[in-house]
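Asker: just coords:
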């Protein structure tokens with residue numbers, strides 16, 4: 001079994017910063033892609049940022065220049081540094097990883113962490 005545990009969410013004023021972390025544990029051979037998604041009330045879950053094993057990154061237009069995704073392969077952990085936060089960034093943030101266990105690859109999700117940005 002594989003578990004993803006997120007931390008770092010909370011309440012922050014507009015213009016502030018937060019850093020999210022997501023650590024994977026369990027029977028893991030390798031992790032290919034790591035990503036962060038978010039879902040605001042009434043909206044669909046959307047991709048915020050993703051990072052490949054080699055470090056290539058991709059960001060949603062809404063967060064480019066403000067958010068930075070990074071990973072620590074030795075710790076099976078992905079981070080999301082969020083700066084210059086806006087009220088529209090308020091959402092539940094979920095991490096997602098493409099994990100290899102023995103011979104097969106599967107996607108796993110964290111439980112979600114609430115980020116609330118006040119104006």
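Answerer: The structure has been received and is ready for your questions. Remember, it's a predicted structure, so these values are computed and weren't measured experimentally.

Asker: only C-alpha atoms for contact and neighbour calcs from this point on.
Answerer: Will do.

Asker: I'd say residue 113 and residue 9 touch.
Answerer: Yes - between residue 113 and residue 9 there is a contact at 5.4 Å, judged by Cα atoms under 8 Å.

Asker: So between these two, which is more surrounded?
Answerer: Using other Cα atoms under 10 Å as the criterion, residue 113 and residue 9 rank with residue 113 on top: 21 against 18.

Asker: Let's see the pLDDT reported for the residue positioned nearest the centre of the chain.
Answerer: The centroid of the chain falls nearest to residue 36 when counting by Cα atoms, centre = their mean (2.7 Å). Among the per-residue scores, residue 36 shows a pLDDT of 98.

Asker: ok, it - contacts?
Answerer: 47, 48, 49, 50, 80, 93, 94, 95, 96 (Cα atoms under 8 Å, 6 or more residues apart in numbering).

Asker: and it, bridged to which residues?
Answerer: residue 49, residue 95 (DSSP bridges).

Asker: and the gap between it and residue 103?
Answerer: From residue 36 over to residue 103 the distance is 25 Å, taken as Cα to Cα, to the nearest Å.

Asker: Test my guess that residue 2 contacts residue 29.
Answerer: No - assessed by Cα under 8 Å, residue 2 is found out of contact with residue 29, at 10.8 Å.

Asker: I'd like the distance between residue 81 and residue 20.
Answerer: Taking Cα to Cα, one finds residue 81 at 6 Å from residue 20.
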